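[1] below is the sequence, then the predicted model.
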Amino acid sequence: MTVLDDIIVGVREDLESRRAQVPLAEIKRLAAEAPAARDAYAALGGNDSPRAALKVIAEVKRKSPSKGELASIADPAELGAAYERGGAAVISVLTEQRRFNGSLADFDAVRAVVDLPLLRKDFNVEEYQIFEARAHGADLVLLIVAALDDTDLKALLALTHELGMNALVETHTAEEIDRAVAVGARIIGVNVRNLKTLDVDRSLFAELAGRIPAGAVVVAESGVRSVADVRDYASQGANAVLVGEALVTMGDPEATVAEFGAAGSEAVAARR
Ligand SMILES: O=C(O)c1ccccc1NCC(=O)[C@H](O)[C@H](O)COP(=O)(O)O
């Protein structure tokens, strides 16, 4: 069993206990009552022509399977507010509990204080989780191509769009990019972390980014440890970078987001 398979087994078990407490009909009702979703595609520069800036998706990440404990994050709301002040375009909040020590409580805390689009970062494999994300005020959900067959990928993406949200459709291979494009993904991530082995290979982004069609927002995911890494991704075609570990471990998240955004945008300008 791969790391990804193992994570999903736990995610499904945890999902069953939440569904026992809040049945599907109720979560659908709550999703319908939630304020309208913010436009994450636009926030990531999807409508800009040309896309002149590098957008930062800043992640609230406590722990990871690859590194263990990263940061205690006593106040996720304050971290989210710091990301917003630093100029993040979108905030990602990990809600998976067993491996990342995330929660919907973290998500709610950030939602209460920031007005940016929020990504509910979880291993979404069932429609319940998409309604649940919307019920909690999410604007964007993660769909990992490697975790879904084409039927489920298409159905979950369609449901996401019906609920007014966008999806970050995550890929790791050329074939997965083709599958993401075939179902109509508008925000496509290349995760340079292999979720089956946890190996991180930043060179993968340059290999794969050109395969993503022009209309889609291209997100470089994982492995940013420095301004130089952000510059590399930006010069290789990224419209946005998704950063977790560096922001929660380097100190001064507000300044680091601002620095990454500025350096990336300079590299985008130099590319044109
Ligand atoms: O981060 C992990 O170890 C991990 C392991 C298994 C599945 C997913 C994992 N991470 C999810 C992510 O995609 C990252 O949190 C995100 O891209 C940020 O990465 P980083 O900046 O390297 O923390």
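    Thanks, I have it. The structure displayed is predicted, hence computed values, not measured ones. Numbers count the residues shown, from 1 in each chain.

[2] contact residues of the chain facing the ligand?
    3, 59, 61, 64-66, 191, 193, 195, 198, 221-224, 242-246 (C-beta under 6 Å from any ligand atom). Every C-beta, even on glycine, is put in place using the N, C-alpha and C of the backbone.

[3] among those residues, which are in helices?
    Judged by DSSP state H, those include 3, 245, 246 as members of helices.

[4] so for the first one, what's the pLDDT?
    On pLDDT, residue 3 comes in at 95.

[5] so how far is residue 199 from it?
    11 Å (C-beta to C-beta, to the nearest Å).

[6] so how far does stretch 228-247 reach from one end to the other?
    15 Å (C-alpha to C-alpha, to the nearest Å).

[7] ok now it, how far from the chain's centre?
    13 Å (C-alpha atoms, centre = their mean, to the nearest Å).

[8] buried stuff in that stretch?
    Within stretch 228-247, the residues that count as buried by 16 or more other C-beta atoms under 10 Å are 229-247.

[9] got the residue ranges for the helices in the chain?
    3-21, 24-33, 40-43, 76-86, 104-113, 127-135, 150-162, 174-182, 203-208, 227-235, 245-249, 253-271.

[10] what's the angle from the first one to helix 24-33?
    Same thing as helix 3-21. Here the directions of helix 3-21 and helix 24-33 differ by 90 degrees (axes from the mean of the first three to the mean of the last three C-alpha atoms, to 10 degrees).

[11] which parts of helix 3-21 are buried?
    Quick answer for helix 3-21 (16+ other C-beta under 10 Å): 4, 7, 8, 11, 15, 19.

[12] kindly export that helix (C-alpha atoms) in PDB.
    Extracted C-alpha coordinates of helix 3-21, given in PDB (Å, rounded to 0.1, in the frame of the first residue of the first chain):
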ATOM      1  CA  VAL A   3       1.500   6.400   1.500                       C
ATOM      2  CA  LEU A   4      -1.400   8.000  -0.400                       C
ATOM      3  CA  ASP A   5      -3.500   4.800  -0.200                       C
ATOM      4  CA  ASP A   6      -2.900   4.600   3.500                       C
ATOM      5  CA  ILE A   7      -3.900   8.300   4.100                       C
ATOM      6  CA  ILE A   8      -7.100   7.700   2.200                       C
ATOM      7  CA  VAL A   9      -8.100   4.700   4.300                       C
ATOM      8  CA  GLY A  10      -7.900   6.900   7.400                       C
ATOM      9  CA  VAL A  11      -9.700   9.800   5.600                       C
ATOM     10  CA  ARG A  12     -12.600   7.500   4.800                       C
ATOM     11  CA  GLU A  13     -12.900   6.200   8.300                       C
ATOM     12  CA  ASP A  14     -12.900   9.700   9.800                       C
ATOM     13  CA  LEU A  15     -15.400  10.700   7.100                       C
ATOM     14  CA  GLU A  16     -17.800   8.000   8.300                       C
ATOM     15  CA  SER A  17     -17.800   9.300  11.900                       C
ATOM     16  CA  ARG A  18     -18.500  12.900  10.700                       C
ATOM     17  CA  ARG A  19     -21.300  11.600   8.400                       C
ATOM     18  CA  ALA A  20     -22.900   9.700  11.300                       C
ATOM     19  CA  GLN A  21     -23.000  13.100  13.200                       C
END
